[in-house]
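*Asks:* Got a sequence here, can you build the structure:
(one chain, ligands or ions: 1)
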Amino acid sequence: MMNFKWNTATPVTEVHTCSLKREQSAWFDAFSDGHPFLIIDSEVRRLWDSLLQPAILSASGLYVMEAREVLKNAFTLSQIWDSMSAAGIHRDTPVVVIGGGLVCDIGAMAASTYLRGLRLMLVPTTLLCMVDACLGGKTGVNLAGTKNQVGTFNPAENILIAPDFLDTLPEREFKSGIAEIVKTALIGDRSILKLLERMDIENPDRNSILEVIRKCLEVKGGIVAEDLREIGKRMLLNLGHTIGHVLESASEFQLSHGEAVGLGLIGEATLAVSLGGNKNLPGEIRHILKQAGLPTGVNDMVSEEKLSRLFNRDKKTRRGGRIWALPFDWCDCRLTLLTPDQEEETLPGIMNLLKA
Ligand SMILES: NC(=O)c1ccc[n+]([C@@H]2O[C@H](COP(=O)([O-])OP(=O)(O)OC[C@H]3O[C@@H](n4cnc5c(N)ncnc54)[C@H](O)[C@@H]3O)[C@@H](O)[C@H]2O)c1
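*Replies:* Sure, this is the predicted structure:
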């Protein structure tokens, strides 16, 4: 038998920022590199129609999709492929996705699979996507109610951050982004919290938002550069997500992704306390989320039966147990293997605490 080895360089992602209002349609010409295939969030298209018109007119093809978790599935993905095929796009047609994390996830997956992979550019339009989802190359669709069960790693070549999009973002969605910001502060940079404290959430100014986005992308980028395919360190970025994804699915997406992650942070910090973590941490996280107007508990929207079924289907489950990213303290998050027995002992109490 012969063995071959070769290096696969981690793709480099360039992040650009711009002001849509100042640059008008020039932002798109500079960014899109030819006649791209466009995938746009329907709400963003409606709200930003005149600004998007030049981009739409110069595109090779267009797919507009509603950002709903129930539509983030294989059927929609195949509709995007059909639309790419009908537009007759080639291997050298770039794909530009304009939307929040949901449309970017499925759009990036279409780009990474159609014709075995097309160049990808992302224009995030939600805070959550600007601070987190746009970077790192995870694409995905949900399967049978389980989040992101099918997906690829496909980092974008370029990301364009235009904070103007946040002007139309509903308050609830803005707050969802704050939960991912708190997660990032917990993982790698507590100074982000200081910026958050100083930021007027009702009326944030451009510069402070850009500073928060830059810091969050630096933390995430540093981790992803070391471990794109989530073999080790990148699992830390799942902080809040093991409990979060289960709550999000069990609530049938009544909880937004960010809201569920925030609750996951409280739950997982509580779990870490039972293993010797800082016992003040769950309370500190709860306080920050409450200040930001995020939920700190779930009511009857999640049933016990659904919770336990979904926990058993989580992707992070391996033989012998499940690897959790647990916050033992600020900037002290650890990958921890919990056996099914350990989970059975601790999880019901934590879920009850979140339901209280
Ligand atoms: N790939 C990753 O690394 C990663 C990381 C975190 C989350 N995600 C995924 O991201 C998704 C959540 O993304 P999200 O929180 O960005 O929300 P979203 O994409 O679901 O959008 C939320 C809502 O905001 C609307 N919207 C988007 N931009 C708008 C704007 N500028 N103005 C007005 N309305 C706007 C959308 O139409 C939608 O109704 C989940 O599916 C999650 O799994 C992926």
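*Asks:* what are the phi and psi angles of Gly99?
*Replies:* phi 170, psi -170 (degrees, to the nearest 10).
*Asks:* do the one 4 residues further on as well
*Replies:* The phi/psi pair for Val103 (degrees, to the nearest 10) reads phi -70, psi -30.
*Asks:* again, but for Val96
*Replies:* Dihedral angles (degrees, to the nearest 10) for Val96: phi -110, psi 120.
*Asks:* What about it, how many residues nearby?
*Replies:* By the criterion of other CB atoms under 10 Å, Val96 has 25 neighbours. Every residue, glycine included, has its C-beta placed from N, CA and C.
*Asks:* Can you show me the helices along the stretch 201-350 of the chain?
*Replies:* Listed in chain order, the helices of the stretch 201-350 of the chain (DSSP state H, counting those that start in this stretch) span 206-226, 241-250, 257-273, 281-291, 304-311, 340-355.
*Asks:* er, the stretch 51-200 of the chain I mean
*Replies:* 74-86, 101-113, 127-128, 171-188, 191-198.
*Asks:* Pick the most deeply packed of the ones you listed.
*Replies:* Greatest average neighbour count among the helices of the stretch 51-200 of the chain goes to helix 127-128 (a mean of 27), per mean count of other CB atoms under 10 Å.
*Asks:* Report the rounded mean pLDDT for it.
*Replies:* Averaged across helix 127-128, pLDDT comes to 96.
*Asks:* now stretch 172-190
*Replies:* Computed over stretch 172-190, the average pLDDT equals 97.
*Asks:* ok now it, how far from the chain's centre?
*Replies:* When C-alpha coordinates are averaged (CA atoms, centre = their mean, to the nearest Å), stretch 172-190 and its chain have centres 11 Å apart.
*Asks:* touching the ligand at all, it?
*Replies:* Yes - under the criterion of CB under 6 Å from any ligand atom, the ligand is reached by stretch 172-190 at Glu173, Ser176.
*Asks:* Residues of the protein that sit close to the ligand?
*Replies:* Residues of the chain lying near the ligand (CB under 6 Å from any ligand atom): 41, 43-44, 47, 67, 72, 99-103, 105, 125-126, 128-129, 132-133, 136, 138, 147-148, 165, 168-169, 173, 176, 257-258.
*Asks:* quick one: Asn142 from Leu20, how far?
*Replies:* Using CB to CB, to the nearest Å, we find Asn142 at a distance of 31 Å from Leu20.
*Asks:* Compare these two (neighbour count), which wins?
*Replies:* More neighbours surround Asn142 than the other of Asn142 and Leu20, with 23 against 20 (other CB under 10 Å).
*Asks:* show me the contacts for the more buried one.
*Replies:* By CB atoms under 8 Å, 6 or more residues apart in numbering, the contact list for Asn142 reads Glu69, Lys72, Asn73, Asn148, Gln149.
*Asks:* On the pLDDT front, check it for me.
*Replies:* 94.
*Asks:* now do the one 3 residues further on
*Replies:* We note a pLDDT of 78 for Gly145 in this prediction.
*Asks:* I'd say it and Ser249 touch.
*Replies:* Yes - using CB atoms under 8 Å, Gly145 is in contact with Ser249, at 5.5 Å.
*Asks:* of those two, who's got more company?
*Replies:* It is Ser249, of Gly145 and Ser249, that has more neighbours when counted by other CB under 10 Å, with 24 against 17.
*Asks:* show me the contacts for the more buried one.
*Replies:* Per CB under 8 Å, 6+ apart, neighbours of Ser249: Gly145, Thr146, Lys147, Lys306, Leu310.
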